Every structure is written in C-alpha cells, then in structure tokens.
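A.B. asks: sequence unknown, structure follows:
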C-alpha cells in the first residue's frame with residue numbers, strides 16, 4: 001500500500017493558524033478533493049475530524065475516513081472508523097482493499113507516520129501566505145526524510161503543488 005502525505009501549507013511550513021483556521025484557495029481545495037476522490041480514503045487525527053465533520057467531507061466527495069485517536073468512541077458513523085495507531089489505520093485501509101491511502105493531518109498524526117517512516121510520497125500545496133506562528137507541517141524533532149522531487153505544478157494564480165517520493 002502506498003501511503004501519501006497530502007497537505008496545504010504556507011510558504012514557511014504552517015498547515016493552519018494557531019486557532020486551526022486556514023485561508024486556502026478554491027484551487028487548492030479542488031486539487032485536494034480531486035486527489036481524495038482518486039484515492040477514496042483519508043487518515044486524519046481527532047482534531048482534524050472535528051474540524052471537517054460539519055460539511056468538509058461532503059466537499060471532498062465523502063471518502064472513507066480513518067480517524068486516529070486515543071479517545072474511546074461510542075458512536076457509529078457511516079464511512080468513519082476510529083483507531084489508535086498508524087499501523088491500525090493502514091491495516092483497515094488494506095482490509096478495505098485500497099491500494100493507496102492519504103494522511104491529511106494534523107501535525108501530531110503526520111509526525112506519528114513520519115517518525116515511523118511510513119510515508120511513500122508527499123504532496124504539498126503551497127499557498128501564498130506566511131504565518132508568524134501556527135500549526136507546523138512537521139513537529140520539531142530529530143526527524144530526517146530524504147526526498148526525490150517528482151513534479152512541481154501550478155494550481156491557480158498564486159499556488160503550486162510539489163510532489164516528492166520518500167527515499168527509503
């Protein structure tokens with residue numbers, strides 16, 4: 001299974017403002033929705049789930065959603081599964097016969113996958129913003145990933161997408 005990190009980010013590497021808000025362009029949302037529809041599933045953390053559950057899943061085609069959380073879940077939601085670890089999330093995606101899965105945040109979930117070297121590819125939609133502070137793409141750590149540039153493409157008047165392969 002191919003595991004893809006897909007995130008929108010500012011020029012200086014933030015995925016959201018301190019209050020979790022994001023001013024991303026319609027072009028970025030369209031590029032993201034297109035990829036979600038192709039892959040068919042996403043892996044996110046609890047906070048990202050809470051942000052997206054009120055309409056954002058509809059906006060990206062109602063994918064199969066795997067939420068990594070340590071909270072106990074008593075609710076049953078169609079097309080949503082709650083797990084505790086990245087490994088459990090990947091196992092569920094494989095059991096559902098997906099050949100690819102997308103990890104879409106937040107920083108803690110991204111860090112869990114990155115520290116375990118679980119990413120195969122990284123797509124970053126770089127938006128024309130600089131935040132003085134906020135939620136970083138990667139948490140501060142000793143993490144090192146070596147990447148190979150696959151493609152850069154423009155996605156709108158002021159944004160671009162960079163695609164990397166993670167070298168293992």
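C.D. replies: Right, received. Where do you want to start? From a predicted model like this one, the values you see are computed outputs, not experimental measurements.

A.B. asks: tell me, what residue is most central in this protein?
C.D. replies: residue 104 (1.3 Å; C-alpha atoms, centre = their mean).

A.B. asks: check what pLDDT it gets.
C.D. replies: Listed pLDDT for residue 104 reads 95.

A.B. asks: how about the one 3 residues further on?
C.D. replies: According to the prediction, residue 107 has pLDDT 95.

A.B. asks: what's the burial count for it?
C.D. replies: 20 (other C-beta atoms under 10 Å). C-beta: built from backbone N, CA, C; applies to glycine.

A.B. asks: what's the closest non-adjacent residue to residue 94?
C.D. replies: Nearest-residue entry for residue 94: residue 1, 5.5 Å, with adjacent residues in sequence omitted and distances by C-beta to C-beta, 6 or more residues apart in numbering.

A.B. asks: OK, contacts around that neighbour?
C.D. replies: For residue 1, the contacting residues are 90, 93-94, 98-101, by C-beta atoms under 8 Å, 6 or more residues apart in numbering.

A.B. asks: which of those sit farthest apart?
C.D. replies: 90 and 99 (12.0 Å; C-beta to C-beta).
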